[in-house]
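Chemist: sequence-free structure coming up:
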């Protein structure tokens with residue numbers, strides 16, 4: 001009787017093992033992958049790599065400081081430059097302003113949007129600058145009395161009174177900007193044009 005019980009027990013174990021093997025072999029695992037060769041994926045990889053390269057470059061290299069705006073601009077196309085200047089503020093509703101940027105893509109600022117989404121630097125403030133600083137230039141501005149940290153801005157606008165080392169930072173409205181002027185601000189041009 002004990003031998004028959006062991007025989008049946010052995011058959012039951014074998015049957016359960018076969019059922020387990022069959023059931024586990026039938027499960028299908030779905031693995032989804034993205035196509036790294038697609039145009040959007042390659043663009044995203046390129047943008048991330050370019051952004052990381054810029055950040056590493058900025059960490060390694062100290063921006064040379066120039067006492068003259070003209071000297072700084074003469075080499076800005078080939079190297080980041082820094083100089084001191086004056087920062088004022090304006091709104092899209094200022095007298096004589098159209099509310100649109102002077103630089104393409106001619107962004108409308110009347111809707112309160114004072115930022116520009118740059119492909120490399122992300123969301124940055126808008127600044128009006130001298131015509132010698134091309135549209136699309138990225139400027140790090142330090143020493144603004146209302147901000148504890150430096151801000152990044154993009155040159156997207158011009159102004160009749162904005163020349164040389166004077167830049168004009170865009171705010172949502174012209175109201176309540178009376179007296180906003182910050183002298184001896186440090187401007188670092190970290191990208192010269194688009």
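Modeler: Good, I have the coordinates. Small disclaimer: the values here were computed from a predicted structure and weren't measured. Numbers count the residues shown, from 1 in each chain.

Chemist: Can you read off the pLDDT for the nearest residue to residue 96 once chain neighbours are set aside?
Modeler: Computed as Cβ to Cβ, 6 or more residues apart in numbering, the closest residue to residue 96 that is not its neighbour in sequence is residue 160, at 7.5 Å. C-beta here means a position set from N, CA and C on the backbone, and glycine is covered the same way. For residue 160, the pLDDT comes out at 85.

Chemist: same check, this time on residue 28
Modeler: For residue 28, the predicted pLDDT is 51.

Chemist: Residue 32 now?
Modeler: So, for residue 32, pLDDT stands at 49.

Chemist: next one: residue 10
Modeler: Looking at residue 10, its pLDDT stands at 70.

Chemist: Confirm it sits in a helix?
Modeler: Yes. According to DSSP: H, G, I helix; E, B strand; the rest coil, residue 10 belongs to a helix.

Chemist: Count the residues that sit near it.
Modeler: When neighbours are counted by other Cβ atoms under 10 Å, residue 10 registers 10.

Chemist: What residues does the most centrally placed residue in the chain make contact with?
Modeler: Geometric centre of the chain, nearest residue: residue 122, 1.8 Å, by Cα atoms, centre = their mean. With Cβ atoms under 8 Å, 6 or more residues apart in numbering as the criterion, no residue contacts residue 122.

Chemist: Can you give me the distance of it to residue 69?
Modeler: As judged by Cβ to Cβ, to the nearest Å, residue 122 and residue 69 stand 27 Å apart.

Chemist: Where does pLDDT dip in this protein?
Modeler: When residues are selected by pLDDT under 70, those of the chain lie in 1-6, 18-61.

Chemist: quick one, strands of it?
Modeler: Ranges of strands within the chain are 81-90, 115-118, 122-128, 138-142, 151-157, 166-170, 181-191, based on DSSP state E.

Chemist: Reformat those as TSV; add distance to residue 96.
Modeler: As requested, the strands of the chain are exported to TSV (distance: least, Cβ to Cβ, whole Å):
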stretch	distance to residue 96
strand 81-90	10
strand 115-118	22
strand 122-128	12
strand 138-142	23
strand 151-157	12
strand 166-170	12
strand 181-191	18
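
Chemist: Looking at the ones you listed, which is nearest to residue 12?
Modeler: Closest approach to residue 12 among the strands of the chain is made by strand 122-128 (65.0 Å; Cβ to Cβ).

Chemist: between the closest one and strand 151-157, how many degrees?
Modeler: Going by axes from the mean of the first three to the mean of the last three Cα atoms, to 10 degrees, strand 122-128 is angled at 50 degrees with respect to strand 151-157.

Chemist: Same question for strand 122-128: list its buried residues.
Modeler: 124-128 (16 or more other Cβ atoms under 10 Å).

Chemist: what's the burial count for the closest residue in space to residue 141 that isn't next to it in sequence?
Modeler: Distance criterion Cβ to Cβ, 6+ apart; nearest residue to residue 141, sequence neighbours excluded, is residue 151 at 5.4 Å. By the criterion of other Cβ under 10 Å, residue 151 has 14 neighbours.

Chemist: Perfect, I'm done here.
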